[in-house]
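> Prediction below, plus the sequence it came from.
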Amino acid sequence: MVGVNGQELEVKFYVASLQAVERRLLAMGAALHQPRTHEVNLRFDTPQGDLHKGFQVLRLRQDTAATLTYKGPGEVQGGVRARREIEFQVSDLQAARECLEALGYQVALMYEKYRAVYRLEGALVTLDEMPYGDFVEIEAPDPELIASLAEKLGLDWEVRILDGYVALFERLRAARGFEFRDLSFENFSGVQVSPGDLGVSPAG
């Protein structure tokens, strides 16, 4: 969901139980927008890592469709993370990948998740199962709505997360000394990750 001026506005919360949040969503009348779906993301960059250095994202995602996304550098607005986002579906993921590679980009990272999405009061609330933990993400056109929904869902606003999943992964790799590149369920098989390893706190 893109807000005013093509900006994405969102926050994340680390949670101990996605099922508890889902029960609250349903009790509040939320409508299922996307059932639990496996999602694979390919992050592209130059061989020199220019996009990463410039806090930009170029991503191909495969879930119920193939989507190409550009995200610009982020900033904090009204207590939430704001960044420019350009996103559109592509008909052929492999052709899109070959196009990006022909332009000199290469896959710098693969990450995956399971995601279910609900619509509530004009916002999207996503329930994300990452290889290193479970998260709730609230995305809406304005920061006030995001904060209001977080409160209604019983999520502690003071421990909201403004970093992206890849930034959390980089923090985790540094903390634990992981040498693998990809944020995959296979790489995290049998690995226990605490909120402290990620530098976050449970939101309730």
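That came through, no problem.
> so how many other residues sit close to Gly74?
Using other C-beta atoms under 10 Å as the criterion, Gly74 is surrounded by 20 other residues. (Each C-beta comes from the backbone N, C-alpha and C, glycine too.)
> Excluding residues flanking it in the chain, which one is nearest it?
Counting by C-beta to C-beta, 6 or more residues apart in numbering, Arg83 is the residue found nearest to Gly74 once chain neighbours are left out, at 3.9 Å.
> Can you get me a residue count around the one you found?
19.
> What are the buried residues along the longest helix belonging to the chain?
Secondary structure of the chain read by DSSP state H shows that its longest helix is helix 165-176. Of the residues in helix 165-176, Tyr165, Val166, Leu168, Phe169, Leu172 count as buried by neighbour count, 16 or more other C-beta atoms under 10 Å.
> OK, contacts around the closest residue to Met130 other than its chain neighbours?
Sequence neighbours aside, Lys113 is the residue nearest to Met130 in space, at 5.2 Å (criterion: C-beta to C-beta, 6+ apart). Lys113 is in contact with His38, Glu39, Asn41, Asp128, Glu129, Met130, Pro131, Tyr165, counting by C-beta atoms under 8 Å, 6 or more residues apart in numbering.
> and Lys113, backbone torsions?
Backbone torsions for Lys113, taken as degrees, to the nearest 10, come to phi -160, psi 170.
> Over to the one 4 residues further on?
Backbone torsions of Val117, given as degrees, to the nearest 10, read phi -130, psi 130.
> show me what contacts it?
With contact taken as C-beta under 8 Å, 6+ apart, Val117 is in contact with Leu32, His33, Gln34, Leu124, Val125, Thr126, Leu127.
> Pull out the buried members of these.
Here the buried ones among the contacts of Val117, as counted with 16+ other C-beta under 10 Å, turn out to be Leu124, Val125, Thr126, Leu127.
> Many thanks, we can stop here.
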